[in-house]
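Visitor: Provide a 3D model corresponding to the input given below.
(2 chains)
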There are 2 protein chains.
Amino acid sequence: MATWGERLAGVRGVMLDISGVLYDSGEGGGKPITGSVEAVARLQRSGLKVRFCTNESQKSRKHLVAELRRLGFDISEGEVTSPPPAACLILKKRGLRPHLLVHDEVRSEFAQIDTSNPNCVVIADAGDNFSYQNMNKAFQVLMGLENPVLISLGKGRYYKVTSGLMLDVGGYMKALEYACGVEAEVVGKPSPEFFQSALQEMGVQAHQAVMIGDDILFDVGGAQRCGMRALQVRTGKFRPSDEHHPEVKADGYVDNLSEAVDLLLQLVDK
Amino acid sequence: MATWGERLAGVRGVMLDISGVLYDSGEGGGKPITGSVEAVARLQRSGLKVRFCTNESQKSRKHLVAELRRLGFDISEGEVTSPPPAACLILKKRGLRPHLLVHDEVRSEFAQIDTSNPNCVVIADAGDNFSYQNMNKAFQVLMGLENPVLISLGKGRYYKVTSGLMLDVGGYMKALEYACGVEAEVVGKPSPEFFQSALQEMGVQAHQAVMIGDDILFDVGGAQRCGMRALQVRTGKFRPSDEHHPEVKADGYVDNLSEAVDLLLQLVDK
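Guide: Sure, this is the predicted structure:
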């Protein structure tokens, strides 16, 4: 068994998932995970590069960062990689005009995008906006296109809030895929392009970076497929069975972000 | 190429899909497909056994039959095989207590079923009841079960109403399958059990029966897999590409129900 020193050798950048690692979201802005506020601050004071990489698509980055700052995290919008800005780059590059099925609050992220006469559909975690009427409208737009393009901001099955589990965008993506006979393009973890853009923004190579997340498939598996290392925290949506996952094995399992940062900083300080 | 006489030899029973064959549903009760009212009447006067086999799960049989009678069809509830009563038989046999995600109007079909302390979820074409809140509740019930059972009344991708295409239950079934990591049990076409129960109710063997439907996969393909023959009508959701479907070939394609009945009665009269 490799030592932590061997497993984390040469790390220069740390990529952090947000929900389930920094905090548990929920009513009233959620609550921080014990030790995470201090852990992030220690990481930011270290020589390591830090970037936050989230699949959050129900809140704008502005709102998300404001929520985190209220909880005590010292984070700015520019440090966060999230699906809506990544999707905007793709839409512009390909001349796509989306019909948006997103949360009202996230619509502002698409303010610079032409949404007239749509030639694609973009869905995100729309929460209560996933009404039958709105889903049917997205379906009808796709069925009316000669070459239907469906872009999904993430493909999560569910997420955890303080009050319990909540359906995420993934199921709704599957519903439209099935009804329209199309395959969605996913913008967000575990898509390799998404990790690569976060690495680029952080300015480190994949082999120099470690991902810390609570999702064994999307955070750990996704990062490893890009050549990164990955630690899973036993917080958020972590389940004990994740440590014996049939397909994905993390480079390490830690109780929480604080323990991960302890390990990383011991190595950096050497 | 076989003649019609060869293709339809020995037919003793005719199974008819309803929506897209008898009528197009929609605002104000929909409208009959030209010639279908008379075609059904001629079939009922012939020596052939007749049964209506539908995936309709948004209306109770009572409502559906009332709607058809208003349009001029002489049909009784007892002649219709539809998913809700078939599901009730399964629920009773297996001691399942469903959480129902169905249209308000179809809830009455489950009046005799114990829905306390649910140990399964039943979804149907719930229309506007497919809100995020209701989907999330069904998701949470499934996630809370040790052995989650999801029963879906049909798995249609979409259906056609007079005003256009509408999302059917299939997409929502896929959403719950994906989010919960379960596989749904489908009650309705193309499930072989569903065709077999309709055959039993009609009192003929599969090789003596012909299905007439507008859906190449669920009506034609489903019936053929049960040993029945099947004709596709060029009405309802029929698309010209269906006649060159890569997997399913109907025993015959006809312009509408009226033409199918002409062919059948010519052979019976001989």
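Visitor: could I get the helix-or-strand element of chain A with minimal mean pLDDT in CSV with only the CA atoms?
Guide: Lowest mean confidence among the helices and strands of chain A (mean pLDDT, DSSP states H and E): strand A:158-161, at a mean of 85. Coordinates of each C-alpha in strand A:158-161 appear next as CSV, following Å, rounded to 0.1, in the frame of the first residue of the first chain:
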residue,chain,number,x,y,z
TYR,A,158,-29.7,13.5,-6.9
TYR,A,159,-28.1,15.8,-4.3
LYS,A,160,-28.4,16.1,-0.6
VAL,A,161,-29.8,19.1,1.2
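Visitor: now the helix or strand following it: buried residues?
Guide: Heading C-terminal from strand A:158-161, the first helix or strand you meet, by DSSP states H and E, is strand A:164-167. Of the residues in strand A:164-167, those with enough neighbours to count as buried (16 or more other CB atoms under 10 Å in any protein chain shown) are A:L165, A:M166, A:L167. (Each C-beta comes from the backbone N, C-alpha and C, glycine too.)
Visitor: wait, what's in contact with the first one?
Guide: With contact taken as CB atoms under 8 Å, 6 or more residues apart in numbering or on different chains, A:L165 is in contact with A:Y158, A:Y159, B:F139, B:Q140, B:M143.
Visitor: closest one of those residues to B:V106?
Guide: Closest approach between the contacts of A:L165 and B:V106, by CB to CB: B:F139, at 20.4 Å.
Visitor: what's the spacing between the residue nearest to that closest one when sequence neighbours are not counted and B:D104?
Guide: Ranked by CB to CB, 6 or more residues apart in numbering or on different chains and with sequence neighbours excluded, the top spatial neighbour of B:F139 is A:L167, at 5.0 Å. Separation of A:L167 from B:D104 (CB to CB, to the nearest Å): 22 Å.
Visitor: before we move on, back to that, what helices and strands are in contact with the least confident helix or strand of chain A?
Guide: Applying 3 or more CB pairs under 8 Å, 6 or more residues apart in numbering or on different chains; DSSP states H and E, one finds that strand A:158-161 contacts strand A:164-167.
Visitor: the helices in chain A, which residues?
Guide: For chain A, the helices defined by DSSP state H cover A:4-7, A:36-45, A:61-70, A:83-94, A:132-143, A:169-180, A:192-202, A:222-225, A:257-269.
Visitor: so which of these comes closest to B:F238?
Guide: Of all those, helix A:132-143 comes closest under CB to CB, at 15.7 Å.
Visitor: report the inter-axis angle for the closest one versus helix B:132-143.
Guide: 90 degrees (axes from the mean of the first three to the mean of the last three CA atoms, to 10 degrees).
Visitor: before we move on, back to that, closest one of the buried residues of strand A:164-167 to B:E6?
Guide: Of the buried residues of strand A:164-167, the one sitting nearest to B:E6 (CB to CB) turns out to be A:L167, at 52.2 Å.
Visitor: tell me if I'm right that that closest one and B:A179 touch.
Guide: Yes: A:L167 lies in contact with B:A179 (CB atoms under 8 Å); the separation is 5.5 Å.
Visitor: find the residues that touch each one of those two.
Guide: Common contacts of A:L167 and B:A179 (CB under 8 Å, 6+ apart): A:Y158, B:F139.
Visitor: low-confidence ranges, chain A, go.
Guide: A:1, A:269-270 (pLDDT under 70).
Visitor: sort out which residues of the least confident helix or strand of chain A are buried, please.
Guide: A:Y158, A:Y159, A:K160.
Visitor: now tabulate those in CSV and tack on distance to A:E201.
Guide: Converted to CSV, the buried residues of strand A:158-161 look like this (distance: CB to CB, whole Å):
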residue, distance to A:E201
A:Y158, 28
A:Y159, 24
A:K160, 27
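Visitor: looking at these, which one is closest to chain B?
Guide: Looking at these and their distance to chain B, the nearest is A:Y158, at 5.6 Å (CB to the nearest CB).
Visitor: now do the same contact list for the closest one.
Guide: A:L165, A:M166, A:L167, A:D168, A:K237, B:F139, B:M143, B:A179.
Visitor: how deep is the residue nearest to A:A175 when sequence neighbours are not counted tucked in, by neighbour count?
Guide: Excluding the flanking residues, the one nearest A:A175 by CB to CB, 6+ apart is B:G171, at 3.3 Å. Residues lying near B:G171 (other CB atoms under 10 Å in any protein chain shown) number 25.
Visitor: contacts only, for B:G171.
Guide: By CB under 8 Å, 6+ apart, the neighbours of B:G171 are A:M135, A:F139, A:K174, A:A175, A:L176, A:Y178, A:A179, B:R157.
Visitor: can I get those residues in JSON lines with distance to B:N129 and neighbour count?
Guide: Shown next, in JSON lines, are the contacts of B:G171 (distance: CB to CB, whole Å; neighbours: other CB atoms under 10 Å in any protein chain shown):
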{"residue": "A:M135", "distance to B:N129": "12", "neighbour count": "25"}
{"residue": "A:F139", "distance to B:N129": "17", "neighbour count": "23"}
{"residue": "A:K174", "distance to B:N129": "19", "neighbour count": "23"}
{"residue": "A:A175", "distance to B:N129": "15", "neighbour count": "28"}
{"residue": "A:L176", "distance to B:N129": "19", "neighbour count": "26"}
{"residue": "A:Y178", "distance to B:N129": "19", "neighbour count": "22"}
{"residue": "A:A179", "distance to B:N129": "17", "neighbour count": "25"}
{"residue": "B:R157", "distance to B:N129": "19", "neighbour count": "22"}
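Visitor: A:A250 against A:M228, yeah?
Guide: No: counting by CB under 8 Å, A:A250 stays clear of A:M228, with 11.4 Å between them.
Visitor: close to chain B: what parts of the stretch 51-200 of chain A are there?
Guide: Counting by CB under 8 Å from any CB of the partner chain, the stretch 51-200 of chain A comes close to chain B at A:126-133, A:135-136, A:139-140, A:143, A:157-158, A:164-168, A:170-172, A:174-181.
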